[in-house]
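Provide a 3D model corresponding to the input given below.
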Amino acid sequence: MFTLAHLSDPHLPMPRARIMDLLGKRVTGYANWWRSRVGLHRPEALAGIVADIKAENPDHIALTGDLVNVSLPEEFERASQWLSGLGPPDRITLVPGNHDVYVATKWGQGLGRWGAYIASDGAPPSTGFEVFPTVRRRGPVALVGLNSGVPKPPFFATGTLGAAQIAATEKILADLGREGHCRVVLIHHPPLTTEKHFKRLTDAAEFQAMIRRVGCEVVLHGHNHRSEIARIACPRGSVPVIGVTSASAAADSRYGRARYHMIGIERQPAGWRLAVQIRALKADGTGCEPDGCIVFESGEPLAKAA
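Below is the predicted model of the structure:
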């Protein structure tokens with residue numbers, strides 16, 4: 001069985017910034033962090049989640065964005081150090097979130113600093129967003145990484161994939177399906193048409209139409225800071241769309257305890273079996289504990305265990 005840990009939205013602690021660094025949209029996000037969000041995301045909670053992931057020792061880790069908050073240069077450097085502590089690039093696949101592209105930032109000064117965790121297998125170093133979609137094959141699993149993060153006006157947290165990225169993803173998923181891989185799509189924004197207007201994926205309908213044409217085994221996302229499951233109805237059964245709670249959520253926050261998902265993936269005669277175990281930080285912060293399990297087979301839910 002292949003094991004994949006999925007965590008998202010760590011929102012690492014934000015450094016103090018100079019006034020000159022806060023021009024434009026950053027000033028609103030910076031003020032919001034120190035006014036309220038600093039109490040919602042706790043470094044000790046994230047440390048507990050990371051310790052449990054390391055103890056469980058999964059085959060791979062999927063990280064679906066929002067490592068930083070307002071895309072300050074120092075935030076990217078701190079996040080680089082945190083990633084190094086989480087694990088090596090060949091064991092972690094990263095896609096960015098909207099906070100990782102909070103404002104327009106040169107690739108080398110922003111996401112490019114995490115390039116080894118983003119790039120496709122065997123791909124040369126990228127100089128820009130053309131790196132997406134990415135493909136990484138790990139055993140029976142193929143991880144397809146998408147970028148939904150695009151700089152937006154203040155008070156908007158929407159995401160967009162764009163027609164070119166959706167078209168490229170369709171070809172990749174079709175090829176991987178013919179190769180017989182378990183296709184795991186990673187994206188920050190939930191690709192659902194029911195999300196709130198100011199934080200939705202603007203081309204979710206186009207993404208869903210593509211998935212209906214070529215299929216995949218599961219879509220993993222973050223953004224909403226809560227564990228949730230939806231489905232995309234397809235001709236051969238529904239595709240689960242699974243979101244995870246922020247990995248740094250304070251126990252008394254509106255998101256509830258910090259969580260991550262440990263996903264066991266097994267090949268079956270008729271498809272794939274995915275067992276998604278939710279692991280939550282204990283109330284006293286001393287490690288994690290099981291918080292539910294949902295099993296999928298060939299796109300349909302089989303059972304739910306408390």
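
now the end-to-end length of stretch 278-296.
Distance between the two ends of stretch 278-296: 14 Å, counting by C-alpha to C-alpha, to the nearest Å.

contacting residues around it?
Identification of contacts with stretch 278-296 by C-beta atoms under 8 Å, 6 or more residues apart in numbering yields 44-45, 48-49, 51-52, 55-56, 218, 227, 229, 240, 245, 251, 256-262, 273-277, 301-306. Yep, even glycine has a C-beta here, placed from its N, CA and C like the rest.

So which elements touch the lengthiest helix in the chain?
With secondary structure taken from DSSP state H, the chain has its longest helix at helix 163-179. Where contact means 3 or more C-beta pairs under 8 Å, 6 or more residues apart in numbering; DSSP states H and E, helix 163-179 is packed against strand 141-145, strand 182-186, helix 204-214.

now the ones you listed as TSV including distance to F132?
Output for the helices and strands packed on helix 163-179, formatted as TSV (distance: least, C-beta to C-beta, whole Å):
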stretch	distance to F132
strand 141-145	7
strand 182-186	10
helix 204-214	13
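
Can you add mean neighbour count, distance to K152 and mean pLDDT and give those back as TSV?
As requested, these are exported to TSV (neighbours: other C-beta atoms under 10 Å; distance: least, C-beta to C-beta, whole Å; pLDDT from 0 to 100):
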stretch	mean neighbour count	distance to K152	mean pLDDT
strand 141-145	24	21	98
strand 182-186	25	21	98
helix 204-214	18	15	97
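
And the ones you listed: which comes nearest K196?
If you check each of the helices and strands packed on helix 163-179 against K196 by C-beta to C-beta, helix 204-214 wins as the nearest, at 12.0 Å.

so after that closest one, what's the next helix or strand?
For helix 204-214, the following helix or strand on the C-terminal side (DSSP states H and E) is strand 218-221.

Could you give the average pLDDT over the helix or strand that that next one is followed by?
Going down the chain from strand 218-221, the next helix or strand is strand 228-232, by DSSP H and E. Mean per-residue pLDDT for strand 228-232: 94.

Measure how strand 228-232 sits relative to helix 204-214, angle-wise.
Put simply, strand 228-232 runs at 60 degrees to helix 204-214, going by axes from the mean of the first three to the mean of the last three C-alpha atoms, to 10 degrees.

Direction included, what does strand 228-232 pair up with?
Sheet pairing of strand 228-232 (DSSP bridges) gives strand 239-243 (antiparallel).

List the buried residues in the helix or strand just after the partner strand.
Of the helices and strands lying after strand 239-243 in sequence (DSSP H and E), the nearest is strand 259-268. Buried residues in strand 259-268, counting neighbours by 16 or more other C-beta atoms under 10 Å, are found at R259, Y260, H261, M262, I263, G264, I265.

between the residues you listed, which is nearest A174?
I265 (20.2 Å).

ok, that closest one touching P140?
Yes: between I265 and P140 there is a contact at 6.9 Å, judged by C-beta atoms under 8 Å.
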